[in-house]
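**Student:** Give me coordinates for this.
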Amino acid sequence: MAIWEKAIINMQKGAQRLAAAAALVSERVKCELAIVRLRIKLDEVQSRIDEQYRLIGRRIVNLKNGDALPKTAEQLVSDEEIAAAVAEIEACKREREDLRQELAQEQAAFKPAEKHEGPGI
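**Tutor:** Residues are numbered from 1 along each chain as shown. So this is what the prediction gives:
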């Protein structure tokens, strides 16, 4: 076998390894992007929950300043704005749990690459 034939064979093997590595990197990047997107959605849901808590706090302060603060917690929770905010918080918490489960599934699917040594390495 001539030196040129060996060089061509080695170049072909190198191209195959490069293509395999590129495919692996591409798949890992896709998984990482999916995980990042889910984390961004989780942050958005958490910010909506925080906003609802702020709305409840503002409403309670407004009721207190107007001397309209109810004497019992049941009356306070029956306030329309507060009840709507509590319902929104519960919906956001369910969505947050769904996103966390989806994130856990994505992370479980994203396993570290196993080292594979082929011939000639």
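**Student:** Select the helix or strand of this structure having the lowest average pLDDT value.
**Tutor:** helix 73-77 (a mean of 72; mean pLDDT, DSSP states H and E).
**Student:** Now for residue 99, how many residues are close by?
**Tutor:** Residues contacting residue 99 under the criterion other Cβ atoms under 10 Å number 19. C-beta here means a position set from N, CA and C on the backbone, and glycine is covered the same way.
**Student:** Quick check: which element contains it?
**Tutor:** Here residue 99 is covered by helix 80-109, with elements defined by DSSP states H and E.
**Student:** so what pLDDT did residue 24 get?
**Tutor:** As summarised for this prediction, residue 24 has a pLDDT of 90.
**Student:** Same check on the one 4 residues further on?
**Tutor:** Per-residue pLDDT puts residue 28 at 89.
**Student:** any idea whether it is helix, strand or coil?
**Tutor:** Here residue 28 takes the helix state, with states given by DSSP: H, G, I helix; E, B strand; the rest coil.
**Student:** doesn't residue 110 make contact with it?
**Tutor:** Yes: contact between residue 28 and residue 110 holds when scored by Cβ atoms under 8 Å: they sit 7.4 Å apart.
**Student:** on that earlier part again, does the helix holding residue 99 pack against any helices or strands, and if so which?
**Tutor:** Applying 3 or more Cβ pairs under 8 Å, 6 or more residues apart in numbering; DSSP states H and E, one finds that helix 80-109 contacts helix 3-65, helix 73-77.
**Student:** Tell me which of those sits most buried.
**Tutor:** Neighbour counts averaged per stretch over the helices and strands packed on helix 80-109 are highest for helix 3-65, at a mean of 13; criterion: mean count of other Cβ atoms under 10 Å.
**Student:** quick one: that one to helix 80-109, angle?
**Tutor:** Here helix 3-65 runs at an angle of 160 degrees relative to helix 80-109 (axes from the mean of the first three to the mean of the last three Cα atoms, to 10 degrees).
**Student:** Poorly predicted segments of the chain, please.
**Tutor:** For the chain, the stretches flagged by pLDDT under 70 are 73, 111-121.
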